[in-house]
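>>> Would you be able to build a 3D model of this:
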Amino acid sequence: MSSKNLVLGLFGVFSVFGAFFAGRMTAPEGNSGDKTSAEPALSGKASQRSTDGSEGLAGLAGRREAGQRGEAKGGAARGEAAVAKMEEMMRLTDPMERNKAWMDFVNSIDPAEFESVVASFRELGMTNSRMTEYSMLLSAWAKKDPLQALAYAEANTGNRFARNTILTTWAASDPDGAVRWAEQHHDPDDEEGNPWMIGVIQGLARTDPARASQLLAAMNFSEERGEAMGALLPSILAQGADAAQAWAESITDEQLKQGAIGRVAEALAAKDPEGTAAWLAKNPGEAAQRSMDNVISTWMEKDKDGAIAYYKGLPAGEVRTNALRGVATSMAMEDPRAAADFLDNNAAYANDRVYQQFAWTSFGQAPDLAASYIGKITDPREQERMYDRMIGGWLRRDFNAASSWVNSASLPANVSERLQRRLQQAQGQQQ
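Model (predicted):
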């Protein structure tokens, strides 16, 4: 197996790291064989080791000499030699030299050696700098014996990272086998999404995005389905804007469709905010409500006049209101007074969400102006909540200015009473 092939096989693996480092990989319930319940997380002990592994190597050598590897008898000698070679490479400090040596090494490992090599590598401590090398080991093992690799990961790791890394590689070459494993290791009656399909979908994303999409659509609504979409989306977007939009529109599950439209819009807005806004306008729904303001805000950063002209050309309705939220939010970041004037001139298209977002966005620069627009919110409960939260924060930041505004503002009786109590409490804390 060439180095080039291994690199291609690893193309999809590394986006798993984003989910891992963001803390999104949760440990499965009670695995009695779990030796590392939070595998890649940096323990206090591991984080204190040097990045070249020199400190951990001494302890590793002692443990190996004590016979704690549990290697199969037939592969013990080969395993010891492979581990020794690995230790030698881990001492390399030149990154180019180390990367090249590591690639050559993982391509040379015999299937019987992988368990001892992976176990020894894990003993060194899973620091951030070693995660790429760890992923390469798992992927190389998956290419030669995915079932053995998965059995080891299932018995010795406590989160999804290792198994989904292995499944990503396996699915690229044997999707049927990887899908079967994922299905057999998830309770079909479990209402949560199948966590193992995340790796399978990622492995299929480049080679068979249509099948990956089918597997995604078959997942239950869950956090796992959201992660799986995130794994598939880069390959969908790589086909171009038109193909990505068509893919999102073709999804029959309405909830999944809206999620896909929102994510595609977010990705496309940076390059083509005008085209993305027009696409959302043609696909009204939850995603357009959530995404249009962000798309327009992005457009405002690139071409303020063009974005405002587009907004003014929209017909009255939900799409224009969502676009107004984006225009006002972007303007409020630079000039809250100008944004307020724009809102006043377009009050016919504003709703509670527009005023809420304007108030929060302008609060940092102009708290008095922001507070005055809370009164335009028509929902009494939401209005009270906004007054309570915003004025409370203002009192902590600038008591005199906030109290002066409260005492001079014309407020609903119940709101005024609540805020007066807040003033008294704040005065008592200051004394």
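>>> for Arg396, what are its contacts?
Ala426 (C-beta atoms under 8 Å, 6 or more residues apart in numbering). C-betas here are computed from N, CA, C, even on glycine.
>>> How much space separates it from Trp279?
Using C-beta to C-beta, to the nearest Å, Arg396 is found at 43 Å from Trp279.
>>> where do the helices sit along the stretch 301-431 of the chain?
Listed in chain order, the helices of the stretch 301-431 of the chain (DSSP state H, counting those that start in this stretch) span 304-313, 318-334, 336-345, 352-362, 367-374, 380-397, 399-408, 413-430.
>>> Distance across stretch 368-385, terminal residue to terminal residue?
17 Å (C-alpha to C-alpha, to the nearest Å).
>>> got any ranges where the chain has weak pLDDT?
For the chain, the stretches with pLDDT under 70 are 1-78, 430-431.
>>> could you redo the last one with a cut-off of 50?
Scanning the chain for pLDDT under 50 picks out 1-74.
>>> out of the helices of the stretch 301-431 of the chain, nearest to Glu254?
Closest of these to Glu254 is helix 318-334, at 16.9 Å (criterion: C-beta to C-beta).
>>> Alpha carbons only: can I get the closest one in PDB?
Taking Å, rounded to 0.1, in the frame of the first residue of the first chain, the C-alpha atoms of helix 318-334 are listed here in PDB:
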ATOM      1  CA  GLU A 318     -41.700  37.300   5.900                       C
ATOM      2  CA  VAL A 319     -38.700  37.300   3.500                       C
ATOM      3  CA  ARG A 320     -38.500  41.100   3.600                       C
ATOM      4  CA  THR A 321     -38.900  41.100   7.400                       C
ATOM      5  CA  ASN A 322     -36.100  38.600   7.800                       C
ATOM      6  CA  ALA A 323     -33.900  40.700   5.400                       C
ATOM      7  CA  LEU A 324     -34.600  43.800   7.400                       C
ATOM      8  CA  ARG A 325     -33.300  42.100  10.500                       C
ATOM      9  CA  GLY A 326     -30.000  41.500   8.800                       C
ATOM     10  CA  VAL A 327     -29.700  45.100   7.500                       C
ATOM     11  CA  ALA A 328     -30.600  46.600  10.900                       C
ATOM     12  CA  THR A 329     -28.200  44.300  12.800                       C
ATOM     13  CA  SER A 330     -25.300  45.100  10.500                       C
ATOM     14  CA  MET A 331     -25.900  48.800  10.700                       C
ATOM     15  CA  ALA A 332     -26.300  48.700  14.500                       C
ATOM     16  CA  MET A 333     -22.800  47.300  14.900                       C
ATOM     17  CA  GLU A 334     -21.400  50.400  13.400                       C
END
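>>> how much does that helix deviate in direction from helix 352-362?
Using axes from the mean of the first three to the mean of the last three C-alpha atoms, to 10 degrees, the direction of helix 318-334 lies 10 degrees away from that of helix 352-362.
>>> Could you measure from Glu115 over to Asn156?
Distance, Glu115 to Asn156, by C-beta to C-beta: 9 Å.
>>> Which one of those two is surrounded by more residues?
Glu115 (22 against 18; other C-beta atoms under 10 Å).
>>> Got phi/psi on Thr127?
Backbone torsions of Thr127, given as degrees, to the nearest 10, read phi -80, psi 160.
>>> Roughly how far does it sit from Asn107?
23 Å.
>>> and what of Asn407?
Per C-beta to C-beta, Asn407 is found 75 Å from Asn107.
>>> Just want to know which of the two has more residues nearby.
Between Asn407 and Asn107, counted using other C-beta under 10 Å, the more crowded position is Asn107 (15 against 11).
>>> ok, for Trp196, nearest residue in space, not its chain neighbours?
In space, and not counting its chain neighbours, Trp196 is closest to Ala182: 3.8 Å by C-beta to C-beta, 6 or more residues apart in numbering.
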